[in-house]
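Colleague: What follows is a predicted structure for the sequence shown.
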Amino acid sequence: MNDHSKMMIDLCPVEGVRTAGEGIFALSFSSAAISRSVRPGQFLNLRVEESRDPLLRRPFSAYRIDGNVIEVVFNVVGRGTAAMRGKKKGDLLDVMGPLGRPFDTVSLGYDSGILIGGGLGVAPLPLLTSSLKKEGKQVVTFLGARTSAVLVTEYLQDPHIATDDGTRGFHGTVVDLASATLRAHPLSRPRIFACGPTPMLRAVAAFARAEGIPCEVSLEGPMGCGIGICQGCPVETAGDEKRYALMCKDGPTFDIRTIKI
Ligand SMILES: Cc1cc2nc3c(=O)[nH]c(=O)nc-3n(C[C@H](O)[C@H](O)[C@H](O)COP(=O)(O)OP(=O)(O)OC[C@H]3O[C@@H](n4cnc5c(N)ncnc54)[C@H](O)[C@@H]3O)c2cc1C
Ligand code: FES
């Protein structure tokens, strides 16, 4: 279950914004308190403008932690992300976090972590990679994107690459690449961790079910409060009865056995 006991709000000095790919940016800020408690798969809710316009905080996966410095990676899709791109070193950022359920890296018996990311679904994978390596797991990574210019491969361990247009690596989807590779070279006691667009996650879940591989997916969708109050992020749970979990509080990572995907 999710544990919000470590959640805090911190006013964090911005370290800078850098380019991480074509139209993709990484924003870093420092917070000793949040950097110590964030775990792979959790997210941070950023108040991007002091004027509170936009009013709602914006959720971003924790991408990288280096000492006290936390980095998130994003592309500009609207007002909030445009404001993030314009941040300067020394600006103050109001950050709530860490939020949500992290990937379950510890409780289940497995030897190999299979990481599958699509587009900016790569965001939680660097933290997950270092966490799995610390636990002595084998890490095999598959990363897919529309085209090579928008691939963000930094901090990953030798990722197998797929692009929709064939400009780098396998010409096709990352799930086709992962399933062909893993069927040809099965791993010892694998567990899949995936993040990306919903159609990709559905394909990952179908593959995992067919192969009997335990699998967790990190979902993305619109959020309001980010802390389980507004009920604005329902996810239909598995089973015959119509019930909903909350993406922000029960997720964003879910074991595929627990939700309809
Ligand atoms: C748990 C979680 C983790 C996330 N991590 C990242 C990340 O690491 N990097 C990243 O770039 N983005 C991430 N997102 C998505 C990010 O929060 C949104 O892109 C951002 O809030 C958009 O803010 P905006 O003000 O720029 O755009 P808005 O003006 O709010 O919206 C612009 C457009 O994007 C759509 N949109 C907004 N939020 C979402 C969303 N969550 N999913 C799909 N469409 C959306 C809107 O419907 C609209 O069409 C994450 C979302 C969640 C829920
Ligand atoms: S975003 Fe408010 S309950 Fe999830």
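Modeller: Yes, it's here. Numbers count the residues shown, from 1 in each chain. Ligands and ions are numbered 1, 2, ... in the order given.
Colleague: So for residue 56, what's the pLDDT?
Modeller: We note a pLDDT of 82 for residue 56 in this prediction.
Colleague: pretty sure it is touching residue 222, no?
Modeller: No - using CB atoms under 8 Å, residue 56 is not in contact with residue 222; the gap is 9.7 Å. For every residue, glycine as well, the C-beta is placed using N, CA and C.
Colleague: higher neighbour count, those two?
Modeller: With other CB atoms under 10 Å as the criterion, residue 56 and residue 222 differ in neighbour count, and residue 56 comes out ahead with 17 against 9.
Colleague: Helix, strand, or coil at the closest residue to that one other than its chain neighbours?
Modeller: Nearest residue to residue 56, sequence neighbours excluded (CB to CB, 6 or more residues apart in numbering): residue 224, at 6.3 Å. Secondary structure, DSSP: H, G, I helix; E, B strand; the rest coil: residue 224 is coil.
Colleague: go on, the one 4 residues further on?
Modeller: Judged by three-state DSSP, the three-state class of residue 228 is coil.
Colleague: What pLDDT is listed against it?
Modeller: The predicted local confidence for residue 228 is 96.
Colleague: same check, this time on residue 213
Modeller: The score at residue 213 is 96. That number is its pLDDT.
Colleague: That one contacts residue 188, correct?
Modeller: No - contact between residue 213 and residue 188 fails when scored by CB under 8 Å: they sit 11.7 Å apart.
Colleague: who's more crowded, the two?
Modeller: Neighbour totals were compared for residue 213 and residue 188, and residue 213 leads with 20 against 8 (other CB under 10 Å).
Colleague: First-to-last residue distance for stretch 220-229?
Modeller: Start to finish, the residues bounding stretch 220-229 are 18 Å apart (CA to CA, to the nearest Å).
Colleague: what do residue 213 and residue 188 both touch?
Modeller: In the contact map built from CB atoms under 8 Å, 6 or more residues apart in numbering, no residue is linked to both residue 213 and residue 188.
Colleague: can you map out the strands along the stretch 151-261 of the chain?
Modeller: Taking DSSP state E, counting those that start in this stretch, the strands of the stretch 151-261 of the chain run over residues 160-163, 170-171, 190-195, 215-218, 234-236, 244-246, 253-255.
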